[in-house]
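Colleague: Please work out how this folds:
(one chain, ligands or ions: 1)
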Amino acid sequence: MDAAQPGGPSLPQERRLVTAIPGPKSRELTERRSRAVARGVSTTLPVFVTRAGGGIVEDVDGNALIDFGSGIAVTGVGNSAEPVVRRAREQLERFTHTCFMVTPYESYVAVAEELNRLTPGDHDKRSALFNSGAEAVENAVKIARAATRRQAVVVFDHAYHGRTNLTMALTAKNMPYKESFGPFAPEVYRVPLAYPFRWPGGAANCAREAAAQVIDVITTQVGADNVAAVVIEPILGEGGFIEPARGFLPRIAQFCRTHGIVFVADEIQTGFCRTGQWFACEDEGVVPDLVTTAKGIAGGLPLAAVTGRAEIMDAAHVGGLGGTYGGNPVACAAALGAIEEMRASALDAAARRIGAVMKARLSALAEAHPVIGEVRGRGAMIAVELVAPGTTDPAPAVAAAVAKACHAEGLLVLTAGTYGNVLRFLPPLVIPERLLVEGLDVLAGAVRGVA
Ligand SMILES: *Cc1c(COP(=O)(O)O)cnc(C)c1O
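Modeller: Predicted coordinates:
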C-alpha cells in the first residue's frame, strides 16, 4: 500500500477530535459557501472534508470522524478503495470521454455483463447505464411503458425515487423533496406499504392485509391492464429503512406477473452488498423484471443502471435510450474496481457481520431506552425509529438531538423517515470492527444523554 496516498486505505483508522465540530476552518468555509452555493442544497454535518477512507472522514480542522453514512450508501467499498483508484486512474490517462453513443468502449460492456450476472434471476438480461439514480428510475419507467404500451406507474407510501420531475412524482414525502416544485408528472398512483411497525392491523397481518389493499387499489382505481410498472424499494431508504413485512414483495411480484405489469426493484440504496446480499430482493427470492442501481455501484463515481429481462429492455427503440455521459469510461472503470473489491473481500458477508454487531447492540439499547420504538434493517443498512415511549408517535426532535450529539462527538450519522424520526446507519462495508463498536458507544452515549 502506498503510504503517500492521500485518504483511501492508508488513512489512520482512529476517531480524533481536535476542535469543536464544526471547527473554525469549516465554519469559515461554511460562511464562504453560503455566499456562493444555493441554499436549497443542504448539508447534514458542515465539516469540510480533506480525506476519507475505511471508516474515517477527516476534516480541514484535523478532526477524524467515524463514518456511519458512506456518503448515503455510496462508498460501501470505502473511499478511494485501491482497485477503484487504480482502474479509474488508468482510464483517466487513456481517455476521459467519447460518449458511448458515438464511439463505444469495452468497460461499458463489461459493467453491463457484470450487472446481468449479478442481479437476481438467470434469465437473459440487458443493461443500460446512466449518471444518477433518478435518471435510472426515469429510464426504467420509459422502458416499462415502451414494453407494455401502458402508462400508469404504481408506487408506495414512504417511497423515495429521486428529485427529477418524474421521480418527484414517484417520491412520497412532500418536504423537502416536492414542496413548491410541482406540477408533477401524471399517471402516478400511490398505494399502501406493508410497514409492520405502523400497520393498524398489527405486524402479524401486515403483509397479507397490505398486499390485499394494494391489489384492491390497483384493480378498482387504476385498472391492472393500464399499469406499466410497479416500482418499489425492497428496503425503503429515505423513507426510514422500512423492511416491507415478509411476504409482501412476493405477493406484489406475483400480482404483476399475472397482469403483465413490469415489476421494478429500485435497489439504488440497497444494492451491491449493502444489505448482506448482492441485492436485497434475494432475501425473499424475488426476481424483478427490472432493477435500478446507482449509489454503491462505483465506489463514489457517478454511475447508474437499469438491468432487466432482455425482451423488456429491448422494447425501447434504437436511439431511444442514452445520454451524453451515461456510462462514462472513468465511472465504468471505477465500477469494475468496486465490483472486484466486493468479490475479493466478500463484502456481502462483511455487511452481515456489521448487521449482527449493530443489531445486538441497538436491541440492548432499545431495551434500556423505550424512546427507541424499533430497531430494523438488514446487513449494513440498519436504523432505529424514535417515538414517544410506549407509543408509535414519531419523535423527530429526539432523532435530531441524538444526531447532533453524535456529530459533536465525531460520529457521522444520518436521519431519515417520512416523520424525520429515524436514525439510519450506513457504515462503509470495510469499516474496522473496532471503529464500528466505538461508533455504537458514541451513539449509546448520545441516546442516554438525550432520553
Ligand atoms: C438515492 C436514491 C435514488 C436517487 O438517486 P440519485 O443518484 O440521488 O438520483 C433513487 N432511489 C433510491 C432508492 C435512492 O436511495
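Colleague: If we ignore the residues flanking it in sequence, what's nearest the residue positioned nearest the centre of the chain?
Modeller: The chain has residue 269 as the residue nearest its centroid, 1.8 Å off, counting by CA atoms, centre = their mean. In space, and not counting its chain neighbours, residue 269 is closest to residue 237: 3.6 Å by CB to CB, 6 or more residues apart in numbering. Glycine gets a C-beta too; all of them are placed from N, C-alpha and C.
Colleague: quick one: contacts for that neighbour?
Modeller: 73, 160, 268, 269, 270, 416 (CB atoms under 8 Å, 6 or more residues apart in numbering).
Colleague: what about it, distance to residue 243?
Modeller: Using CB to CB, to the nearest Å, residue 237 is found at 11 Å from residue 243.
Colleague: now do residue 64
Modeller: According to CB to CB, residue 64 stands 32 Å off from residue 243.
Colleague: one step back: now, which of the contacts of residue 237 lie within helices?
Modeller: Among the contacts of residue 237, the members found in helices (DSSP state H) are residue 73.
Colleague: now, which of the contacts of residue 237 lie within strands?
Modeller: Residues of the contacts of residue 237 located in strands (DSSP state E): residue 416.
Colleague: From the contacts of residue 237, list the ones also adjacent to the ligand.
Modeller: Intersecting the contacts of residue 237 with the contacts of the ligand gives 160, 268, 269 (criterion: CB under 6 Å from any ligand atom).
Colleague: Touching, the second one and residue 132? I think so.
Modeller: So the one you mean is residue 268. No. Using CB atoms under 8 Å, residue 268 makes no contact with residue 132, being 9.1 Å away.
Colleague: hey, what's in contact with both of those two?
Modeller: Here residue 268 and residue 132 share the contacting residues 294, 304, scored by CB under 8 Å, 6+ apart.
Colleague: What count of nearby residues applies to residue 114?
Modeller: Number of residues near residue 114 (other CB atoms under 10 Å) recorded here: 21.
Colleague: and what of residue 182?
Modeller: Other residues lying near residue 182 total 11 when counted by other CB under 10 Å.
Colleague: dump the residue contacts of residue 440.
Modeller: Listed by CB under 8 Å, 6+ apart, the contact set of residue 440 reads 357, 358, 361, 362.
Colleague: For it, what is the enclosing helix or strand?
Modeller: In this structure, residue 440 is located in helix 433-450 according to DSSP states H and E.
Colleague: average model confidence for that helix?
Modeller: The predicted model assigns helix 433-450 a mean pLDDT of 98.
Colleague: same deal with stretch 234-252?
Modeller: 98.
Colleague: what does stretch 312-319 contact?
Modeller: 125-128, 142-144, 146-147, 262, 289-290, 306-307.
Colleague: Share the number of residues neighbouring the residue of the stretch 351-451 of the chain at minimum distance from the ligand, please.
Modeller: Closest approach between the stretch 351-451 of the chain and the ligand, counting by CB to the nearest ligand atom: residue 416, at 9.8 Å. Burial of residue 416 is recorded as 25 neighbouring residues (other CB under 10 Å).
Colleague: on that earlier part again, counting neighbours, which of the contacts of residue 440 comes out on top?
Modeller: In terms of neighbours by other CB under 10 Å, the contacts of residue 440 top out with residue 358 at 26 neighbours.
Colleague: right, and the helix or strand after the helix or strand hosting that residue?
Modeller: Residue 358 belongs to helix 347-368 when assigned by DSSP H and E. Later in the chain than helix 347-368, the nearest helix or strand by DSSP H and E is strand 372-378.
Colleague: okay but residue 444 is in contact with residue 365, surely?
Modeller: Yes. Residue 444 is within contact range of residue 365, at 5.5 Å (criterion: CB under 8 Å).
Colleague: So for these two, which sits in the more crowded spot?
Modeller: Taking other CB under 10 Å, residue 444 and residue 365 do not tie; residue 365 has more neighbours (19 against 16).
Colleague: any idea how far residue 445 is from that one?
Modeller: 10 Å.
Colleague: picking that back up, as a markdown table, the contacts of residue 237 with distance to residue 136 would be great.
Modeller: A markdown table is the format used below for the contacts of residue 237 (distance: CB to CB, whole Å):
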| residue | distance to residue 136 |
| --- | --- |
| 73 | 15 |
| 160 | 13 |
| 268 | 7 |
| 269 | 12 |
| 270 | 14 |
| 416 | 20 |
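Colleague: so which of the contacts of residue 237 comes closest to residue 43?
Modeller: residue 416 (15.7 Å; CB to CB).
Colleague: Bridged to that closest one, which residues?
Modeller: With DSSP bridges applied, residue 416 shows beta-bridge pairing to residue 422.
Colleague: For it, give me its contacts.
Modeller: With CB under 8 Å, 6+ apart, residue 416 has these contacts: 237, 238, 239, 240, 241, 383, 422, 423, 424.
Colleague: returning to that earlier point: would you mark the buried spots in the helix holding residue 358?
Modeller: 347-348, 350-355, 357-359, 361-362, 365-366 (16 or more other CB atoms under 10 Å).
Colleague: Ok, stretch 109-120 next?
Modeller: For stretch 109-120, by 16+ other CB under 10 Å, it's 111, 112, 114, 115, 116, 118, 119, 120.
Colleague: Can you narrow the residues you listed down to the ones near the ligand?
Modeller: Okay, of those, nothing touches the ligand (CB under 6 Å from any ligand atom).
Colleague: Mind putting these into TSV with secondary structure and pLDDT?
Modeller: Listed next are those as TSV, based on DSSP: H, G, I helix; E, B strand; the rest coil; pLDDT from 0 to 100:
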residue	secondary structure	pLDDT
111	helix	99
112	helix	99
114	helix	98
115	helix	99
116	helix	98
118	helix	98
119	coil	98
120	coil	98
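Colleague: Closest to the ligand out of those?
Modeller: The closest of those to the ligand turns out to be residue 119 (CB to the nearest ligand atom; 15.2 Å).
Colleague: Touching, the closest one and residue 306? I think so.
Modeller: No. If you go by CB under 8 Å, residue 119 and residue 306 don't touch, sitting 10.2 Å apart.
Colleague: what is in contact with these two at once?
Modeller: residue 291.
Colleague: Tell me how many other residues crowd the residue in the stretch 301-450 of the chain positioned nearest to the ligand.
Modeller: Closest approach of the stretch 301-450 of the chain to the ligand (CB to the nearest ligand atom) occurs at residue 304, with a separation of 6.2 Å. Using other CB under 10 Å, the number of residues around residue 304 comes to 26.
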